[in-house]
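> For reference, the sequence and a predicted model appear below.
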Amino acid sequence: MTGRQTATPADRHGTGAGGRDALRPARLATADVLRLGAVGLRARRARVVLSALGIAIGIATMVAVVGLSTSSRADLMARLDRLGTNLLTAEAGKDAMGQDVKLPKSAVAMVERIGPVRHATATGQVDARIRRSDVVPEEQPAGVTTQAARPDLLTALNTGVAQGVWLDAARERLPVTVLGSVAAERLGITAPGETIMMNHEHVVVIGILKPVELVPNLDRVALVGFPAAEKYLGFDGHPTTIFERSSDASVEDVRAVLARSVSPGNEGSVKVSRPSDALAAKAATDKGLTTLMLGLGAVALLVGGVGVANTMVISVLERRQEIGLRRALGATKRAVWLQFLTESLLLSVLGGAAGALLGAAATFAFARIQGWIAVVPLWALGGSLAATLVMGVVAGLYPAVRAARLHPTVVLNAN
Amino acid sequence: MRMIELRDATKSYPGDVHALRGVDLQVDEGELVAIVGPSGSGKSTLLNLIGTLDRPTSGTVRVAGYDVSALSDSRLSALRARHIGFVFQHFHLAAGRSAVDNVADGLLYAGVPLGQRRARARTALEHVRLGHRLEHRPGELSGGEKQRVAIARALVGQPSLLLADEPTGALDTASGKIVMELIQELGATGTTVCVITHDNDIAASLPRSVRFRDGSVVYDSLVGQVAS
C-alpha cells in the first residue's frame, strides 16, 4: 500500500481517455503461462493422473512396438551378417514325369568349377529307418531322417557341433552319426556316446549339432559320412542338395548358372534357393504385425486424447467462477485461452513423457529376455513428443475457446 | 475528477427484462459510496457495468475517464487490471494456494514480474493485518480472514476504484466489522470505494448511499429524493 499516494489523480489520468496505449493489455510471461497451467493441474491430481494415463498407454504401446521391431530387426541383421547371405542351395526335385531326379555324383566338382564359387559341398538323402534301439518296432520311426554329409558341410554352413565331434576323413567311413539338435531331442539323446539303430545297423552318436539357423531342415536329420552311408545303409552316393558359397557380389551370377551346372539337361527340376532370404522374409512378415500394433497404439493414443479433451471440458465447466475471477482481475480472453490450452498441453506431454519412458523400459526388458541389443530409435521418441503436443493442442482447443468465451460476469452470476 | 459516470444507462436482457432503466450516477474520485437495495433492484447489474464486466444496452458508462462502450474486450481487461479492484461476497480464493499466491494473482494480469508480485502481496497482506498468515491456505483461515485476503488481492494493484459486492454478506458480525473498518480506511487513502449491499446499517456507515429499486435510483443521500 505504500506508495499508492505517489500516483496522483493527475498522473493516472493524464493519459486518460485520449491515450489509448495506457490500456494495452500486458502480455503474460511464458513462465507465468506455464505456472498457471501447472497450478491448474496440481489442484486436480487424481484426474490428471488418470487422463495422462490414457495418453501414456498409447505412447508406451507405440514406442515399445517401434523399439521391439527395431531391436528384432537389428538382431536379425546381425545374425544375417554373421551367417552370411552368400550361401546358395540347389536341391534335386522331380522331373516332368514326377520321378525323383538324381544329381550326378560329380555335381560338387562341377559347381566348384563356376568362377566365383569359393566352396561347395553336398548332402544326400539316405533311405534309412532310424529307431532309438532294436527293441523299438520298425513300424515306429522316430521322425528323423538320414542324410549323408561331406566333412566340409559345417564349414560351408558356418556352424559347428554343440557336443562331441564332427565327421572327418576317418569318421566318414565308420558307422557313426552326428545328430541335428531336434533329431537328438526326438531320440532322447542328450550326450554323444549312445547307440541308435539305422535300418539294422547299430550306429554310435559321436556329436550333436548346434541349431542350423540358415538351414533348419538339418536340425531334424542324422548325418553320416558318404562312404559309410554307401557301405552300411545302401546309399547310392548321389547328392540331393548342393551347398555353395561365393563372394557376396557374385551371388546373383552364380544363381543364374547353378541349376545348369548341378544337373545339366535337368536344370528345370533343380530348385535353387538362398536360405538367408527366408530369414529376411521373416523380418518382412514381422513388419505387417508391427504396423498392426502401431495402429492399435495410435487408437489408444486417440482415446487418450479424447480423455484429455473430456477432462478439460469438465474442468472449464467446474471453473466458471475462477475464469470469471481472472477476467475481473484483468485477464484478457487470450490469457484465459492460453491458460487452458497450456493445461491441456502439459497434461498431454506429461502422459507422453511417462509413456515414452514406459515404452523404452518395456523395450529394454523384452530385448534383454530375448538376448537382443535394445534399440529405441530417436525418431520414435521425437515422434511421440510431437504426437502428444499435437494431441494436447487438438484436445485443448475447444475447451480453451469455451473458457475464453465465458462472459466475465459469471464471477457474480455463478453464486 | 469523475471516477464513475453513468448517463441514462440501461441494461436489458432477452425476454424483455430491464435490469437497469436509465440510471444517472456520478461518483467523484475518493468518494465512499454504498449502493443499497433489495435483491432484484439492479444493483448487481450496476456492479457489472461499473466494474466493466459488461457494457450497457444504451446510455453511457464512463469509468476512470474511459467510455466503456468504446473499448474493446482486451482494453476493458487492461482497464480492470490497472484501475479496478473487486471484493466478492464469497471471496473466490484458490483453495490449494497460499494467501501470498492468491494475493499475487491480483497483479498477474498487470504484467508485474513474479518476484515483485510476491513482495507486494506480502505488503498488502500485512496491511490487512494478516502478516502472520502469509503461507496459510484458504482452508486454514476463518471467513473474516479469507475476506481480508480477498481485500488484499483487490488492493495489491493499487486500483483507483474498489468495488465490493456484499463484502460482509458471508461473515459474522465481528468479522464483518473488521472488514468494513478496512474498507473505510481505504477512503482515507484517496481510493474510490463502492460497496454494494442490501444492509441498511452498512449503508448508513458510509458517507454517501444510493438506493436502488426496480432498476432505478430512488434516493441519493447527496441530492436527496430522486424523481423517477
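Cool, the structure landed.
> do you know how far A:Asp253 is from chain B?
Counting by CB to the nearest CB, to the nearest Å, the gap from A:Asp253 to chain B is 74 Å. In short, each C-beta sits where N, CA and C put it, glycine included.
> for A:Arg24, same thing?
6 Å.
> count of residues packed around that residue?
11 (other CB atoms under 10 Å in any protein chain shown).
> got it, and A:Asp75?
With other CB under 10 Å as criterion, A:Asp75 counts 18.
> The residue in the stretch 1-150 of chain A positioned nearest to chain B: what's it in contact with?
In the stretch 1-150 of chain A, the residue found nearest to chain B is A:Ala26; the distance is 2.6 Å by CB to the nearest CB. Shown in contact with A:Ala26 (CB atoms under 8 Å, 6 or more residues apart in numbering or on different chains): B:Ala78, B:Ala81, B:Tyr109, B:Ala110, B:Gly111.
> for the one residue sitting closest to the centre of chain B, helix, strand, or coil?
Closest residue to the average C-alpha location of chain B: B:Leu163 at 1.0 Å, with CA atoms, centre = their mean. For B:Leu163, the assignment made with DSSP: H, G, I helix; E, B strand; the rest coil gives strand.
> separation between it and B:His18?
Distance from B:Leu163 to B:His18, counting by CB to CB, to the nearest Å: 22 Å.
> Ok, B:His83 next?
In terms of CB to CB, B:His83 sits 28 Å off from B:His18.
> Looking at the two, which is more packed in?
Taking other CB under 10 Å, B:His83 and B:His18 do not tie; B:His83 has more neighbours (24 against 16).
> State which helix of chain B is the longest.
Longest helix of chain B, by residue count under DSSP state H: helix B:173-189.
> and if you look at chain A?
Per DSSP H, chain A has its longest helix at helix A:275-318.
> contact partners of whichever strand or helix holds B:Gly85?
If you go by DSSP states H and E, B:Gly85 is part of strand B:84-87. With CB under 8 Å, 6+ apart as the test, strand B:84-87 has contacts from A:325, A:328-329, A:411, B:51-52, B:63-64, B:106, B:147, B:150-151, B:153-155, B:157, B:159-165, B:167, B:183.
> Identify each buried residue in that strand, please.
The neighbour-count check on strand B:84-87 (16 or more other CB atoms under 10 Å in any protein chain shown) flags B:Ile84, B:Gly85, B:Phe86, B:Val87 as buried.
> List the neighbouring strands of it plus their orientation.
strand B:161-165 (parallel) (DSSP bridges).
> Dump the C-alpha coordinates for the partner strand into PDB.
Extracted in PDB, the C-alpha atoms of strand B:161-165 (Å, rounded to 0.1, in the frame of the first residue of the first chain):
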ATOM      1  CA  LEU B 161     -11.700   2.100  -7.800                       C
ATOM      2  CA  LEU B 162     -12.600  -0.600  -5.400                       C
ATOM      3  CA  LEU B 163     -15.900  -2.500  -5.900                       C
ATOM      4  CA  ALA B 164     -17.100  -4.600  -3.000                       C
ATOM      5  CA  ASP B 165     -20.200  -6.900  -3.600                       C
END
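> Off-centre distance for that strand?
Using CA atoms, centre = their mean, to the nearest Å, the mean C-alpha position of strand B:161-165 is found 1 Å from that of the whole chain.
> So which residues of the stretch 51-200 of chain A form strands?
A:87-92, A:117-126, A:130-131, A:145-149, A:161-164, A:176-179, A:195-198 (DSSP state E, counting those that start in this stretch).
> Per-residue pLDDT of the closest residue to B:Asp67 other than its chain neighbours, please?
Nearest residue to B:Asp67, sequence neighbours excluded (CB to CB, 6 or more residues apart in numbering or on different chains): B:Thr60, at 6.4 Å. B:Thr60 carries a pLDDT value of 95.
> which residues does B:Thr60 contact?
Counting by CB under 8 Å, 6+ apart, B:Thr60 has contacts B:Glu5, B:Leu6, B:Arg7, B:Asp8, B:Ala9, B:Asp67, B:Ser69.
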